[in-house]
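1. Please work out how this folds:
(one chain, ligands or ions: 1)
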Amino acid sequence: MSEKPIVLKLGKDAFGDKAWKELGKIADVITIPEYTTREQFLRDVKDPQSKLSRVQVITRTARSVKNTGQFDEELALALPSSVVAVCHTGAGYDQIDVEPFKKRHIQVANVPDLVSNATADTHVFLLLGALRNFSIGNRRLIEGKWPDAGPACASPFGYDPEGKTVGILGLGRIGRCILERLKPFGFEHFIYHNRHQLPSEEEHGCEYVSFEEFLKRSDIVSVNVPLNDNTHHLINADTIEKMKDGVVIVNTARGAVIDEQAMTDALRSGKIRSAGLDVFEFEPKISKELLSMPQVLGLPHMGTHCVETRKKMEELVVNNARNVILTGKVLTIVPEMQNETWPNDVKPLI
Ligand SMILES: NC(=O)c1ccc[n+]([C@@H]2O[C@H](COP(=O)([O-])OP(=O)(O)OC[C@H]3O[C@@H](n4cnc5c(N)ncnc54)[C@H](O)[C@@H]3O)[C@@H](O)[C@H]2O)c1
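-> Predicted structure coming up:
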């Protein structure tokens, strides 16, 4: 009997048991010990005695970065020639440098679309919460400072959507879901900035503006761009300076799109009135000063932390691995690889 293809599962999942069990009928699913370090991983994938040196498909969660580090050029070059695909559990794949994997003809898949509703829900929660200063009230409530106890305990008034312009930085899948969710709340106007204007049917009535105009006109800056070399610190001291005084910033994309120190300084000065943040530049290490600010409504990266969405994400990752085994191709290849002509060796693994 011929050997089953080897699938390496990096990181734990919560709801994929059934799907993994099914996959186990056609694949040899292996894992690595919890305590694996990057050095060890890079050594083991080259060790001919280890099954890791014959792996064909890798699935990974964002948290497995603690065992492997970034999927960068060094790691891409260290992987055995048997690897044909890396299937990531998430829409954002900034932990993977796509280019070196492309050079090695290793497909990279992410999980787009399925995450959009849950992330947009989180974004709207943070946006309304930051606009209304709910974090300040919540912190005072926990401290036992009910507003009746005197002026020192009263929270500052929040603001209504009325008359406000929401600026969506990155009107993509999640940006559009946020837009549709926000429409009924009564905001005055919606503008967006992407690198290029979208066809009108994809704009959903949102007005396209230049980046300069975006910064000048937004009362609320809603950050939804992926993290890459072009977007790293797209929001920085200079761009914050060009924003309205008292702007509200909401970020469920990636922390490093914003220069966190510059944002902290601007929150301290009041230039930024409040912020709703699900992501942080150096997470899981979070700046103590930022967290201590009552005008910051924060979550520990919980955008897709819900049963139904997580289950669908985990099942898609398994289906990506299954499709590679049965057809040679992942189902949801990342945009940078969509026009790639793959060599003739893209074929089923069984
Ligand atoms: N907090 C969470 O749990 C969570 C969950 C899912 C996704 N995310 C993050 O959200 C990001 C967006 O996801 P999506 O599915 O909407 O992606 P998407 O690719 O559908 O949309 C991104 C949009 O940003 C635009 N864009 C890219 N670079 C830009 C630039 N330099 N300037 C202006 N616009 C630019 C693109 O044109 C696109 O419209 C992901 O990359 C991921 O990092 C976070």
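2. What residues does the chain have near the ligand?
-> By Cβ under 6 Å from any ligand atom, the residues of the chain that approach the ligand are 91-92, 112, 115-116, 119, 170-175, 193-195, 224-227, 230-231, 252-254, 278-279, 301, 303-304. The C-beta positions use only the backbone N, C-alpha and C, and glycine is treated the same way.
3. Of the residues you listed, which belong to helices?
-> 116, 119, 173-175 (DSSP state H).
4. since we're on V111, how many residues are nearby?
-> Neighbours of V111 under the rule other Cβ atoms under 10 Å: 24.
5. Could you do the one 3 residues further on as well?
-> In terms of burial, L114 registers 19 neighbours under the definition other Cβ under 10 Å.
6. helix or strand for the spatially closest residue to it that is not a sequence neighbour, which one?
-> Nearest non-adjacent residue to L114, counting by Cβ to Cβ, 6 or more residues apart in numbering: K312, 4.8 Å away. Using DSSP states H and E, the element containing K312 is helix 307-327.
7. All the helices of the stretch 51-200 of the chain, in order from the start?
-> For the stretch 51-200 of the chain, the helices defined by DSSP state H, counting those that start in this stretch cover 65-68, 73-78, 98-103, 116-131, 134-142, 173-182, 200-203.
8. for the protein, where's the lowest mean pLDDT among helices and strands?
-> Taking mean pLDDT, DSSP states H and E as the measure, the chain has helix 134-142 as its least confident helix or strand, at a mean of 93.
9. Return the backbone torsion pair for S269.
-> Dihedral pair for S269: phi -80, psi -20, per degrees, to the nearest 10.
10. What residue in the protein comes nearest to the ligand?
-> Scanning the chain for proximity to the ligand using Cβ to the nearest ligand atom identifies G172 as nearest, at 1.7 Å.
11. Nearest spatial neighbour of that residue, chain-adjacent residues omitted?
-> Here the residue nearest G172, using Cβ to Cβ, 6+ apart, is N224, at 6.4 Å.
12. Would you mind confirming that I286 makes contact with D278?
-> No: here I286 lies out of contact with D278, judged by Cβ atoms under 8 Å, at a distance of 11.8 Å.
13. before we move on, the earlier item: let me see the confidence value for the residue nearest to G172.
-> The model reports N224 with a pLDDT of 98.
14. Please determine how far it is located from Y93.
-> Counting by Cβ to Cβ, to the nearest Å, the gap from N224 to Y93 is 15 Å.
15. more crowded one of these two?
-> Comparing N224 with Y93 by other Cβ under 10 Å, the one with more neighbours is N224, at 27 against 24.
16. which stretches of the protein aren't confidently modelled?
-> For the chain, applying pLDDT under 70 flags the ranges 1-2, 153.
17. ranges for the strands of it?
-> Along the chain, counting by DSSP state E, strands occupy 6-10, 28-30, 57-60, 85-88, 107-109, 165-169, 189-193, 207-208, 220-223, 247-251, 272-277, 296-298.
18. any chance of these in a markdown table, plus mean neighbour count?
-> A markdown table is the format used below for those (neighbours: other Cβ atoms under 10 Å):
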| stretch | mean neighbour count |
| --- | --- |
| strand 6-10 | 24 |
| strand 28-30 | 16 |
| strand 57-60 | 26 |
| strand 85-88 | 27 |
| strand 107-109 | 24 |
| strand 165-169 | 25 |
| strand 189-193 | 21 |
| strand 207-208 | 15 |
| strand 220-223 | 26 |
| strand 247-251 | 26 |
| strand 272-277 | 26 |
| strand 296-298 | 23 |
